[in-house]
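Peer 1: Compute the structure for the input listed below.
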Amino acid sequence: MPRRTLPGLLATTAVLAAPVAAGAAPYQHATQPTARGDGGAAATVDSVATTAATDALRAGGNAVDAAIAAAAVLGVTEPFSAGIGGGGFMLIRKPNGKVTTIDSREKSPAAMTEQSFRENGVPLPFTAARYSGLSAGVPGTVAGWDRALRKYGTWSLRRALRRGRRVAREGFVIDRTFNEQAQDNAAYFDDIRSTERLYLDPDGTARDVGTVQRNPGMARAYRRISRRGPDGFYSGPLATALTRAAQQPPLTPDADHVWRPGLITADDLRAYTAPGRKPTHVEYRGLDVFGMGPPSSGGSTVGEALNILEAAPGWESLSTTQRYHWFLEASRLAFADRGAFLGDPSFSAVPLAGLLSQGYAAERAALIDPMLAQPAAVAPGEPDGGPLRSTTHLTVADSDGMVVAYTFTIESTGGNGIVVPGWGFLLNNELTDFDYELPKEHPNSAGPGKRPRSSMAPTIVQRDGAPVLALGSPGGSTIITTVLQILLERFDLGKSLPQAIAAPRGAQRNDATTQAEPAFIASAEGQALAGELGHEFATPTLTPPTNGEIGAATGIEFRRRGRLLAAAEPTRRGGGSAQVVSP
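Peer 2: Numbering: from 1, shown residues only. Next up, the predicted model:
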C-alpha cells in the first residue's frame, strides 16, 4: 500500500518513537536467563517486567502483587503477545500449599453464532477471520488482575499498575524481537489508523531497533483503571472506544484488506466475569502436577500425556531416544483427545476425570508401538465421564511460599491488528480459537457467551505438599508440548531446569509430521527418531518472528533451605530474564 507522509503522521511518530538521547536511560531489556538466590524470584521474557516483579517483592508485595506488576509492564513492552485487550489463566499456590486458579479467558459476544465465521456457508480463511473485529472476544485480563489482587494479593490495582504506566509514558528501547513482530504484521497494521500511528514509521515499516517506543494511550488506560478499578475498563469512554473499534475497525483511507465488523457490545463488556476454577491434578513419579482446567486444554493434555508416559513399560531401561519417542507418541494421543472433548465446561460436559484416569492412560499407552511412530493422525479414545464426541508467560515466587504461574495472551502475535484508538492496546483475535468449521455440537464450536478452548498450560509441581517447580510458556498449541517436554527433560532425562528450558524442542500435535526445531532434528536422538522409529519432522518457519523456534518458557525451581533457581530462555525470542530478590 502506498505510504503517506502527512505532517500530522510525522508529528505523531516523533512523539511515539525517537532515537535514544545522549545521557538518557530509558527502560531496556537485558538478557539474563538464570538467577540463583532467595527472598523471592521472577522470570519473564523481558527484564523490565522481571525487575518490576522483584522490585514489588522487595517492597513487601507478595507473588500475586509482583505477577500483576510484571504483567502490566509486559502489556507495554510485549504488546503483540499480551495485554489488557486479551485474557489468560493464572495458577496460584497459596502459602498453605493449596493450588487454585483464575480464568480470565476471553468470551464471545452474545450475538455470536456458529455461522459468524462463515460466509455463504463456507468457513472464513484464518487470516480473513483473524484480521477483523469479528475475532475479538470480550477481554478478561483486567477482571482477572482485579480478582487476583482482591482475593490473594496485598496491593491495590493502582499500585500494581504503577510501573507499567510509567514504562508506557517514558518509553522503552525497541529490540530485534519487537521490531520483527511489528514488521511481520506491517501489511495489516498499516490498514488501521491507530495501529499504524503507534507501531509503524511513516514509510510503513516497523520502528527501528534502538529507538524508544512510547505509548501515551496505554498510560492513559492504566491511569483510568487505577482510578476506577475494573469498571474503568468495562464501562465508560474506554469501553465505548473498544466496542467502536471492534464494530467499526478504524481503517485508513487506503486500506487494502477487507476488515469484517465485530460483535462486542457494551452489554458484553459489563457482563464479563473472571471465575475461579479447580485446577487439574495428576500424580507423576511421586510428584503432584497441577495445571489449568477447561476451558484451557493445557492441564488436561499435559496431565494425560504424563499419565501415558508413566504407563510405559520398562521406562527405566529405555534410552533417551526411546523416551523421546514415547513423549512424541503420548503427545499425539493426548492431542487427539484434546481435539475431541475439550471446550467451555459451561456449554459442554468435559470428561476430565476420565481423561486423567490411570486406567484410561493405560488404554492409550497400549496403542503406542515402542519401535515405530504412527504414520498419521490417530482417533480419540473413549474416556469415561462424558459424551463421546502463544502469548507470554511469567513465573513468580515470594519468600512465604506463594507461587504464581501466569500465561496471558492476545492470541496471534499482534492480535487482531486493531489498537483501540486513544487507549494504546491491541485487541485479541481469541475467537479464532473456536473450531468454527465444525458443527455446533462440537465442544469447541462458536456460539454466544462461550470461552474458546485454550492451550495455555501454567503448571505448578509439588512433592509432599512443598513446591518443586513452576513453569509455563507461550506458543499456541505448542505450549502444551513445551511444558510437557520441559517436565520430561527435568524429571526423566536428568537435566537441570536451565538445561531443560534450553533443550531443542519437538511438538507432536496429532499430525503426520512433528514440528521440531532444527537442533532437535539434527541431534543424534532426532536422527534416530527419523531413521529407526519412523518420525517425520518439519521445522517451523525460519523467518522472523518465529525463526524456527518453539515456545519461550520461564520457570522457578525450589531448592533446599529456601534457595530458588529462576530460569528463562537463553536465546529464544532474544533471550529472557530471570532474577531473584537476594542473589
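
Peer 1: Longest helix in the protein, please.
Peer 2: Longest helix in the chain, counting residues (DSSP state H): helix 320-341.

Peer 1: Show me what counts as buried in whichever helix or strand comes after that one.
Peer 2: From helix 320-341 onward toward the C-terminus, using DSSP states H and E, the following helix or strand is helix 352-355. Using 16 or more other CB atoms under 10 Å as the test for burial, helix 352-355 gives 352, 354, 355. Yep, even glycine has a C-beta here, placed from its N, CA and C like the rest.

Peer 1: Check which helices and strands the longest helix of the chain sits against.
Peer 2: Other helices and strands packing on helix 320-341, by 3 or more CB pairs under 8 Å, 6 or more residues apart in numbering; DSSP states H and E, are helix 298-310, helix 358-365, helix 478-491, strand 506-507, helix 524-531.

Peer 1: quick one: buried residues of it?
Peer 2: Applying a neighbour-count criterion of 16+ other CB under 10 Å, one finds 321-341 buried in helix 320-341.

Peer 1: same question, stretch 561-571
Peer 2: 564, 565, 566, 567, 568, 569.

Peer 1: Which residues does it contact?
Peer 2: Contacts with stretch 561-571, where a contact means CB atoms under 8 Å, 6 or more residues apart in numbering, come from 31-38, 40-45, 50, 395, 397, 399, 496-498, 501-502, 552-559, 575-580.

Peer 1: and the spatially most central residue of the chain, what is it in contact with?
Peer 2: Closest residue to the average C-alpha location of the chain: residue 391 at 3.0 Å, with CA atoms, centre = their mean. Residue 391 sits next to 81, 82, 407, 408, 409, 411, 456, 473, 474, 475, 476, 479 when contact means CB under 8 Å, 6+ apart.

Peer 1: ok, 10 Å please
Peer 2: 78, 81-82, 86, 88, 407-413, 454-456, 472-476, 479, 551-552 (CB atoms under 10 Å, 6 or more residues apart in numbering).

Peer 1: again, but for residue 122
Peer 2: Counting by CB under 10 Å, 6+ apart, residue 122 has contacts residue 437.

Peer 1: State the distance from it to residue 452.
Peer 2: To residue 452, residue 122 is 20 Å away according to CB to CB, to the nearest Å.

Peer 1: For the chain, give me the ranges with low pLDDT.
Peer 2: Where the chain drops to pLDDT under 70, the residues are 1-25, 385-390, 542-546.

Peer 1: Can you select the buried ones from the contacts of residue 391 in ChimeraX?
Peer 2: Filtering the contacts of residue 391 down to the buried ones (16+ other CB under 10 Å) takes a single ChimeraX command:
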select :78,81,82,86,88,407,408,409,410,411,412,413,454,455,456,472,473,474,475,476,479,551,552
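
Peer 1: Out of the contacts of residue 391, which sit inside helices?
Peer 2: When DSSP H defines the helices, the subset of those inside them is residue 479.

Peer 1: List the buried residues for the helix or strand hosting residue 127?
Peer 2: Element membership for residue 127 (DSSP H and E) is helix 126-130. Buried positions in helix 126-130, judged by neighbour count with 16+ other CB under 10 Å: 128, 129, 130.

Peer 1: hmm, who's touching that helix?
Peer 2: Helix 126-130 is contacted from outside by 116-119, 123-124, 134-135, 188, 257-260, 411-412, 414-417, 429, 431-432, 434, 436, using CB under 10 Å, 6+ apart.

Peer 1: and those, which are buried?
Peer 2: 116-117, 123-124, 134-135, 188, 257, 259-260, 411-412, 414-417, 429, 431-432, 434, 436.

Peer 1: what about residue 203, neighbour count?
Peer 2: By other CB atoms under 10 Å, the residues close to residue 203 number 10.

Peer 1: For it, give its distance to residue 270.
Peer 2: According to CB to CB, residue 203 and residue 270 sit 41 Å apart.

Peer 1: Just give the number of residues close to residue 256.
Peer 2: 12.

Peer 1: Checking it next. Helix, strand or coil?
Peer 2: Put simply, residue 256 is coil when judged by DSSP: H, G, I helix; E, B strand; the rest coil.

Peer 1: So that it lines up with my notes, have the first residue be 689 from now on.
Peer 2: In the new numbering, first residue 689, that becomes residue 944.

Peer 1: mind checking how far it is from residue 880?
Peer 2: Per CB to CB, residue 944 is found 12 Å from residue 880.

Peer 1: again, but for residue 1121
Peer 2: From residue 1121 to residue 880 the distance is 22 Å (CB to CB).

Peer 1: just residue 1069 next, same as before
Peer 2: 44 Å.

Peer 1: With residue 749 instead?
Peer 2: For residue 749, the distance to residue 880 - CB to CB - is 36 Å.

Peer 1: More neighbours: those two, which one.
Peer 2: Neighbours were tallied for residue 749 and for residue 880 using other CB under 10 Å; the higher tally belongs to residue 880 (27 against 23).

Peer 1: wait, what's in contact with that one?
Peer 2: 819, 886-888, 933, 937-940, 943, 945, 947, 1104-1107, 1109, 1114.

Peer 1: Give me the phi and psi for it.
Peer 2: Main-chain torsions, residue 880, degrees, to the nearest 10: phi -110, psi 120.

Peer 1: one step back: of the contacts of stretch 1249-1259, grab the buried ones for ChimeraX.
Peer 2: Buried members of the contacts of stretch 1249-1259, identified by 16+ other CB under 10 Å, are gathered into one ChimeraX selection as follows:
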select :719,720,721,722,723,725,728,729,730,731,732,733,738,1083,1085,1087,1185,1186,1189,1190,1240,1241,1242,1243,1244,1245,1246,1263,1264,1265,1266,1267,1268
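
Peer 1: Restricted to helices, list the contacts of stretch 1249-1259.
Peer 2: Taking DSSP H as the definition of helices, the contacts of stretch 1249-1259 contribute 738, 1185, 1186, 1189, 1190.

Peer 1: quick one: the fourth one and residue 1175 touch, right?
Peer 2: It refers to residue 1189. No. If you go by CB atoms under 10 Å, residue 1189 and residue 1175 don't touch, sitting 11.3 Å apart.

Peer 1: what do those two both touch?
Peer 2: Shared contacts of residue 1189 and residue 1175, counting by CB under 10 Å, 6+ apart, come down to residue 1159.

Peer 1: separation between residue 978 and residue 966?
Peer 2: Residue 978 is 10 Å from residue 966, by CB to CB.

Peer 1: Correction: the previous question concerned residue 1000.
Peer 2: 28 Å.

Peer 1: out of those two, which sits in the busier spot?
Peer 2: Shown here are residue 1000 and residue 966; by other CB under 10 Å, residue 1000 has more neighbours (19 against 11).

Peer 1: Report the contact partners of that one.
Peer 2: Contacts for residue 1000 (CB under 10 Å, 6+ apart) come out as 1006, 1010, 1011, 1013, 1014, 1015, 1017, 1018, 1049, 1053, 1056, 1058.

Peer 1: With residue 1061 instead?
Peer 2: Applying CB under 10 Å, 6+ apart, the residues near residue 1061 are 1013, 1016-1017, 1020, 1196, 1200, 1202, 1217-1218, 1221-1224.

Peer 1: re earlier: list residues touching both of residue 978 and residue 966?
Peer 2: With contacts defined as CB under 10 Å, 6+ apart, the residues adjacent to both residue 978 and residue 966 are 787, 788, 789.

Peer 1: Neighbour-wise, give me the winner out of those residues.
Peer 2: residue 789 (23 neighbours).

Peer 1: And that one, which helix or strand is it part of?
Peer 2: Secondary structure (DSSP H and E) places residue 789 in strand 787-792.

Peer 1: Tell me the strands beside whichever helix or strand comes after that strand, with direction?
Peer 2: Per DSSP H and E, the first helix or strand lying C-terminal to strand 787-792 is strand 806-807. Paired neighbours of strand 806-807 in the sheet (DSSP bridges): strand 810-811 (antiparallel).
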